[in-house]
Every structure is written in C-alpha cells, then in structure tokens.
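*Asks:* Build me a model:
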Amino acid sequence: MRARGALARAARWVLVAVALLLTGWAPPAQAASGIHKIRHVVVIMQENRSFDSYFGTFPRANGIPRRHGRPTVCVPDPLRRTCLRPYHDRRDLNYGGPHENNAFLTDLDQGRMDGFVRARQTCTNPFDPLDCVVSIPPDMMGYHDAREIPNYWVYARRFVLQDHMFEPNASWSLPAHLFLTSEWSASCSILGNPSSCTSNIEVPPLPGDFGPAPHRPPNYAWTDLTWLFHRRHVSWAYYLKKGPEPDCETGEMLCRYRDQDPRTPGIWNPVPSFTTVQQDGQVGNVRETAALYTALKTNRLPAVSWVMPSGVVSEHPTSSIRTGQAYVTGLINAIMRSKAWRSTAIFLTWDDWGGFYDHVRPPVIDGNGYGFRVPGIVISPYARRGAVDHQRLSFDAYAKFIEDDFLGGQRLDPRTDGRPDPRPTVRDAARGLGDLRRDFDFHQRPRRPLVLRLRPGRGP
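*Replies:* Here you go, the predicted model:
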C-alpha cells in the first residue's frame, strides 16, 4: 500500500511539472553576482579635453596645483616673454592647441609639463592653421568647472570620477579610437595580414581629408575586440551620430568636413575598416545613434556599445561644450529611463587632451603611450557614491572590464586569441593597469536613475 501511495504521489508531481513546463514556467535562474550583474557596457566617447581643463578644481581630485586658492604653476609663453597660469574660462567655445605626437612631446617637455603654450608657437603642421596661429590668444591654460559643465560635475559628484585616466596613445584622435576597440594603433603593409602591422601612433588621416587624393581604404589588419566577441557570441554595436566630423590630425579648422556615416570609414569610425569586422560579416553592427535609442526602447541593448559623436556635439574645439554636454546628458537619460539601466555600466571619457593643459606627467608603458590625462566618469546603479578613483587607468581598462564580464577574462593577446599580430604590449594585461571593478559596489542596492535637464537653467 505504501509503495502504491508513493507511486501515486510521484505521478501527481510529474503531471504538475509537465503542466508548468507547458505553460512556459521555469525555475528562477541563479542571480548574477559581482561584475556579472553588469549585462551592458556603454562607452561614450567625446573629444579633446584634458582632465585639468574640466576637473582641475574638483574636490579631492588630483587637480591643478594650488596654494591658498591660487595656481602655483605658470607655463612659459616665449613669444610674449611671460608665463600663463591656469585660469577659469567662462567661454563656451575654445581653441585648445595642437595635439599630434610632436605637440605631445613639446607639451611634455621631458616631464616638465610646461610646453603647452610653446606648442602652438612652434608647430609646423601645415594642416592645423588655427592651432598654429600665434595671433589667437592662447586658451589652453583655461579650465571649466560646474558653472560651465554642471551636469558633468553632478555625475562626478554622485558617481565615480577617475583622475588618472590616460589617453592610451601619445597622439591624436584616430589612434585613440583604434586603441579603444583594439588596444593598438598600427600601419599594415599587406592587406588583411596582421603579421604585417607595426606600431604607429601617427596613423595618417584618410586620403582626401586634405584635398583630392587617390582612394586607398584603410587597412586595419590587426586583431580587435570584435574578433573575440564574434567567437564568444557577445553582442556589440558601434553607434555613430550622423553629421560633420572635423578632426583631421589637428587640422580641424582647415580640413574638409566629412559627413559621418556608419558605412563610411572615418577618424571617429575606424571599425568598418578592421579586417576582422569585414571577414566576420559584422560591418552592419556599425549603426547610427538613432538605433541606440531604438534598442533602449525595445529592450535590445547589446552587451557592448561604443557611442561616438558628430562634430557639432563632440566638444571638439571650436564646438560648444554646452551643446556637447546636452547631447551626452540625453544619452545617459535615455539609458536611465530604459529597462537596461539596472544592469548597465556607462563609461564616459574624452579621446585626447586637445592641446589643453594638464599637470600630471603620464607614465610610459611602451613606445606608444600613455598620453595625457583625460576625464573619466563611471555611471551605474552599482557605481560607488561620490568616489574619486586614483588608480592608473587608460582605455585598455575598459577592454579589461569587458573581457572579465563577457569573455571569462580572455585577453586580446596574440599568443592566445588565435590571430597573432606583433603588438608590443598586451595592454589589458599590463602591469599597473587599474581594475574598474573597484569603482563598483555590487553588494549595494541598485541606485535609482538620475535624470538631468539637458541644459540646466535653460529649461529641459
């Protein structure tokens, strides 16, 4: 009798289980823990600002050296036989200075960090006339604060500000964008052959930027992160805002403006020219920014997103910094209003220093970098509250975080990634590189959205 009763009870449980499965019910999956609570990483890249130019007076940050509220540094101005101190710049439009590798070396001045004014007066690049015109009053020593960029300061106060985020390369925009997705900048002599690539942080702009030239498509044959994504089935997108792209090796005021398009390779859009992206049939993952808003509304945000501006909203001199801030705020607001917010990490940064003053000497990691400091902000429901991160970081830290979250810690290493190239350093495994996980508290209750006005004090 007992056996018959046990069989009857077992049969009833089987019937219940079958019924639940037929209705689509399943037991709850084990909750994600630690870094894996982040299911979406969004990297927002703006243009041409040094850390000191935006956050040089931010409390608790390693900002402009001061004594009794007055800057203690004074950078020589050889032409005027004087020196210039950092000053509060209230203007919405700036000029900055030259920012290719030669300018970097002049600004650095063997670690004295005092060549920022001289760089404009001695630059010889024929494609950067306004960067080199000495009659324009130098503004590279100017800085902004919460009066000009209030939303950025709110994000920094409420979430995490990184005061040792270094540009990965000691040069201009295109190499920085190449490093963002591949951790290297190179020139390749054989189409599609990664072994033919050699380091180059002065990768030339696209032919035609400086006038008519034979069309030669860029040849980015080395391995990038999307190669790993494709093999591990990690979704990704590279979002590009349509509009003019003015940055051609510091010649933004002279060079012909290009209309950005996801299908058109550009300085801010190198991804379609990677051999891996073409061979894997993933050029379609490069999309207009409008597709990002659609993905947020339809709950289809990829695991990894890179978001690039157009010239108008980039904050690239001489673009309006307030317009750029409004654009970034709109992006962040959209993420915060979406279902994806509870599992998203937003990394906001700027691609290079734009010729603006910074007082911190960058560390040397290999023959390519680092470059000067740029601002970095971490925004997430799990971001620490009001923290300043003093770790040594670069864009390689974004790749390291993404790899730890989605790729099981696999690095973009030519010895293990199945597609060897001769890069000098495995950047995401470099000694001394900080760990972005320290900017998060994965034990805290997810933070509520912080939706801000696009233009504070001027209506929504």
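
*Asks:* Using PDB, write out the CA atom coordinates for the helix or strand that contains residue 277.
*Replies:* Taking DSSP states H and E as the criterion, residue 277 maps to helix 275-279. The C-alpha trace of helix 275-279 is given here as PDB (Å, rounded to 0.1, in the frame of the first residue of the first chain):
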ATOM      1  CA  THR A 275      39.700  43.000 -41.400                       C
ATOM      2  CA  THR A 276      38.100  41.000 -38.600                       C
ATOM      3  CA  VAL A 277      34.800  43.000 -38.800                       C
ATOM      4  CA  GLN A 278      34.700  42.600 -42.600                       C
ATOM      5  CA  GLN A 279      35.500  38.900 -42.600                       C
END
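
*Asks:* number of nearby residues for residue 431?
*Replies:* 6 (other CB atoms under 10 Å). The way it works is simple: take the backbone N, C-alpha and C, and place the C-beta from them, glycine included.

*Asks:* Could you say which helix or strand holds the residue lying closest to residue 423 once chain neighbours are set aside?
*Replies:* Nearest residue to residue 423, sequence neighbours excluded (CB to CB, 6 or more residues apart in numbering): residue 184, at 4.7 Å. Using DSSP H and E, residue 184 sits in no helix or strand.

*Asks:* where's residue 184 relative to residue 447, distance?
*Replies:* To residue 447, residue 184 is 35 Å away according to CB to CB, to the nearest Å.

*Asks:* Compare the two (neighbour count), which wins?
*Replies:* Using other CB under 10 Å, the more surrounded residue of residue 184 and residue 447 is residue 184, with 30 against 18.

*Asks:* so that one makes contact with residue 176?
*Replies:* No: checked against CB atoms under 8 Å, the pair residue 184 and residue 176 is beyond contact range at 11.6 Å.

*Asks:* got the domain boundaries for this structure?
*Replies:* Taking automatic domain parsing as the criterion, the chain consists of the domains 34-54+145-439, 66-143.

*Asks:* any idea how far the shortest one is from the chain center?
*Replies:* It refers to domain 66-143. 24 Å (CA atoms, centre = their mean, to the nearest Å).

*Asks:* Low-confidence bits of the stretch 1-150 of the chain, can you list those?
*Replies:* For the stretch 1-150 of the chain, applying pLDDT under 70 flags the ranges 1-30, 123-135.

*Asks:* a strand runs through residue 259, doesn't it?
*Replies:* Yes: counting by DSSP: H, G, I helix; E, B strand; the rest coil, residue 259 is found in a strand.

*Asks:* Contacts only, for it.
*Replies:* Residue 259 makes contact with 242-245, according to CB atoms under 8 Å, 6 or more residues apart in numbering.

*Asks:* Residue 223 now?
*Replies:* 182, 194, 276, 412, 414, 417, 419-421.

*Asks:* Using the three-state scheme, assign residue 104.
*Replies:* Looking at residue 104 with three-state DSSP, the answer is helix.

*Asks:* Over to residue 400: give its phi and psi.
*Replies:* Note on residue 400: backbone dihedrals following degrees, to the nearest 10 are phi -60, psi -40.

*Asks:* Confirm residue 391 sits in a strand?
*Replies:* No: counting by three-state DSSP, residue 391 is not part of a strand but coil.

*Asks:* so what secondary structure elements neighbour the helix or strand containing residue 41?
*Replies:* Using DSSP H and E, residue 41 sits in strand 40-46. Secondary-structure packing of strand 40-46 (3 or more CB pairs under 8 Å, 6 or more residues apart in numbering; DSSP states H and E): helix 173-182, strand 304-308, helix 321-336, strand 344-350, helix 395-406.

*Asks:* From the rest of the structure, what touches it?
*Replies:* Contacts of strand 40-46 (CB under 8 Å, 6+ apart): 177, 180, 268, 301-309, 314-315, 324, 328, 331-332, 335, 340, 343-351, 398, 401-402, 405.

*Asks:* Give me the buried positions along it.
*Replies:* Neighbour-count burial for strand 40-46, counted by 16 or more other CB atoms under 10 Å, picks out 40-46.

*Asks:* ok and that strand relative to strand 344-350, angle-wise?
*Replies:* 20 degrees (axes from the mean of the first three to the mean of the last three CA atoms, to 10 degrees).

*Asks:* between strand 40-46 and helix 395-406, how big is the angle?
*Replies:* Inter-element angle recorded for strand 40-46 and helix 395-406: 170 degrees (by the same axes, to 10 degrees).

*Asks:* for the very next helix or strand once past strand 40-46, packing partners?
*Replies:* Sequence-wise, the next helix or strand beyond strand 40-46 is helix 51-55, with elements assigned using DSSP H and E. If you count contacts as 3+ CB pairs under 8 Å, 6+ apart, helix 51-55 packs onto strand 142-143, helix 150-158.

*Asks:* So for residue 50, which of the ones you listed sits nearest?
*Replies:* strand 142-143 (8.9 Å; CB to CB).

*Asks:* residues in contact with the closest one?
*Replies:* 52-54, 56-57, 64, 86-89, 91, 94, 356-357.

*Asks:* re earlier: for the following helix or strand past the helix holding residue 277, name the packing helices and strands.
*Replies:* Once the chain leaves helix 275-279, the next helix or strand it forms, by DSSP H and E, is strand 286-288. If you count contacts as 3+ CB pairs under 8 Å, 6+ apart, strand 286-288 packs onto strand 236-240.

*Asks:* Parallel or antiparallel, which strands does the strand it packs on pair with?
*Replies:* In the sheet, strand 236-240 lines up against strand 286-288 (parallel), strand 304-308 (parallel) (DSSP bridges).

*Asks:* got the contact list for that strand?
*Replies:* 181, 225-226, 229, 260-262, 268-269, 271, 285-289, 291-292, 295, 302-308.

*Asks:* those strands in the stretch 1-150 of the chain, which residues are they?
*Replies:* 40-46, 66-67, 70-71, 75-77, 82-84, 87-88, 142-143 (DSSP state E, counting those that start in this stretch).
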